[in-house]
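Enquirer: just the structure for this:
(chains A and B)
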Amino acid sequence: MSETKKYPAPVTNPETAAFWDAAKEGKFMIKRCTACGEAHYFPRSICPFCYSDKTVWEQASGEGTIYTYSLMRKSPTGPYAIGYVTLKEGPSVQTNFVDCDLMALKIGQKVKVVFKPTDGAPLPFFTPA
Amino acid sequence: MTIKGKAYIAGIFEHPTRHAPDKSTAQLHAEVAKGAIEDAGISKDDVDGYFCAGDAPGGAWPMVDYLGLNTKKLRHVDSTETGGCSYIIHLGHAAEAIAAGKCSIALITLAGKPRTGVMPPRAAGAEADFESAYGATTHNAYGMCAMRHMHDYGTTSEQLAWIKVAASHHAQYNPHAMLKDVVTVEDVLNSPMISDPLHRMDCCVVSDGGGALIVTTREIAKSLKKPLVRLIGHGEAMKGPRGGKDLDLTYSAGIWSGPRAFEEAGVTPKDIKYASIYDSFTITVLMQLEDLGFCKKGEGGKFVADGNLISGVGKLPFNTDGGGLCSNHPVNRGGMTKIIEAVRQLRGEAHPKVQVKNCDLAIAHGTGGLLGVRHAASTAILERV
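Expert: Prediction:
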């Protein structure tokens, strides 16, 4: 189902536009604070940990492991698996797992980012690495 | 400063309906307001504080007008919206307002029609572009918590099922319960998988309806006819992924709201005779029991097994009305009915088959939002005087 599923286009705003511009080039971006060194997701201009405004964009590896997931057995667009991926860079991100056997997902499994098109910027998803 | 003992719950009302195709949402609010006002034995014109959440059509000022409250007297309003636990937070805020002299008779209402009406959409948060496409629902958000809890602590579906089994034992005595049949662990495990690892019977009911409270001062409560039930401790808290750092979905904001309430009340979980614990899903109960300190983190599965939550059988009778799992979950919000059943227990008005003997101390605890994403929690410790 995931191949044919239509995803909503991000609305975007001035704070997050750079994320979506990078996504159009296939880059998965996170924010890092140069004051405290912590990375975070989703991106904010003010660091949620130390409140510094010295946050910078950083291209993430797009690699991580499944922290948890749940397979929604039924929906109007078919089954789908929601979950969190803990990125190599540290932050955990909410996502769907796609292009794989949804019954075979496991906590701790290695995954990588994959973008899916919308009518606007593409959206990041994860698939087994 | 403390609100300990400053506010009394003098009126309660749970709408008997679970299916209201022929009523409006505002009408249900009015019916539960009338019910609680009559239960307290006051006049609506005496109400000088009004509390409602996102389920109230248009918010506080249209509701105050629709309900015909006495605007010459009404001097305190609060429309704090924290999902299903809003009403437990309202209870605490009402106590604060009463303690500060800002009102003396507060009305709190909840009502709505998720079965037969249209639920208003929630306003988008800052996370919307980064999350809304992934389809987080109550089922899968709580499923994610359960999945990780099982991974980290070895919690099993059988243990979760015991929570539903206990609720069903209580619901059989509630004539208004949507699901009155006693079920077994096997029944739960054999029900269809909805969102792994949660089965259909791990999920609460969807019901139209509502409930209301009257909260007042000691002096006014003593002048009325109902047994005296007062709030002696209250806590509220929020939790979310907070930038994705150190994500841990095995605990909730109850880990903060609970100790705040217990500390204020000066009691411990061991002292509690009856517990109303929000049961949107079985995993909700298990996590809250751990977070509130009824058992250690990770030991909730063992704690709930073998009927430990069944009144007259186990050590911690919970949700003796059948809870959201079997009786009622009006507007997909469980906080109100949690308070109401706790007050029934403290008054001695619960069904005789589930009434806890000498019930003088109870807890009502709820969460709002999605435990697996971002949520609020609120805890109230209630005492019969």
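
Enquirer: residues in contact with the residue nearest to B:Pro16 when sequence neighbours are not counted?
Expert: Using C-beta to C-beta, 6 or more residues apart in numbering or on different chains and skipping residues adjacent in sequence, the residue nearest B:Pro16 is B:His176, 4.9 Å away. Any C-beta I mention is one placed from the backbone N, CA and C, and that applies to glycine too. B:His176 makes contact with B:Glu14, B:Pro16, B:Arg18, B:Ser327, B:Asn328, according to C-beta atoms under 8 Å, 6 or more residues apart in numbering or on different chains.

Enquirer: show me what counts as buried in stretch B:285-303.
Expert: Using 16 or more other C-beta atoms under 10 Å in any protein chain shown as the test for burial, stretch B:285-303 gives B:285-295, B:300-301, B:303.

Enquirer: adding secondary structure, write those out as CSV.
Expert: Below are the buried residues of stretch B:285-303 laid out as CSV (DSSP: H, G, I helix; E, B strand; the rest coil):
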residue, secondary structure
B:Val285, helix
B:Leu286, helix
B:Met287, helix
B:Gln288, helix
B:Leu289, helix
B:Glu290, helix
B:Asp291, helix
B:Leu292, helix
B:Gly293, coil
B:Phe294, coil
B:Cys295, coil
B:Gly300, helix
B:Gly301, helix
B:Phe303, helix
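
Enquirer: and which of those is nearest chain A?
Expert: B:Met287 (13.3 Å; C-beta to the nearest C-beta).

Enquirer: returning to that earlier point: state the distance from the residue nearest to B:Pro16 to chain A.
Expert: Using C-beta to the nearest C-beta, to the nearest Å, B:His176 is found at 29 Å from chain A.

Enquirer: repeat that for B:Gly125.
Expert: 10 Å.

Enquirer: now do the phi/psi pair for that residue.
Expert: phi -90, psi 180 (degrees, to the nearest 10).

Enquirer: which residues touch the closest residue to it other than its chain neighbours?
Expert: Leaving aside its sequence neighbours, B:Gly125 sits nearest to B:Arg374 (C-beta to C-beta, 6+ apart; 7.9 Å). Counting by C-beta under 8 Å, 6+ apart, B:Arg374 makes contact with B:Gly125, B:Glu127, B:Met238, B:Lys239, B:Gly240, B:Pro241.

Enquirer: where does pLDDT dip in chain A?
Expert: Within chain A, the segments meeting pLDDT under 70 span A:1-4.

Enquirer: how about a cut-off of 50?
Expert: A:1-2 (pLDDT under 50).

Enquirer: close to chain B: what parts of it are there?
Expert: A:7-8, A:10-13, A:16, A:20, A:38, A:40-42, A:44, A:48-49, A:67-75, A:80, A:82-84, A:86-87, A:90-96, A:107, A:118, A:123 (C-beta under 8 Å from any C-beta of the partner chain).

Enquirer: picking that back up, and the contacts of B:His176 as a markdown table, adding neighbour count?
Expert: Formatted as a markdown table, the contacts of B:His176 follow (neighbours: other C-beta atoms under 10 Å in any protein chain shown):
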| residue | neighbour count |
| --- | --- |
| B:Glu14 | 24 |
| B:Pro16 | 11 |
| B:Arg18 | 19 |
| B:Ser327 | 28 |
| B:Asn328 | 31 |
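
Enquirer: kindly list the longest strand within chain A.
Expert: strand A:63-72 (DSSP state E).

Enquirer: could I get the full set of strands for chain A?
Expert: A:29-33, A:39-40, A:55-59, A:63-72, A:80-87, A:92-97, A:110-116, A:123-128.

Enquirer: hmm, what's the outermost residue in chain A?
Expert: Most distant from the centre of chain A: A:Ala35, at 23.9 Å, with distances by C-alpha atoms, centre = their mean.
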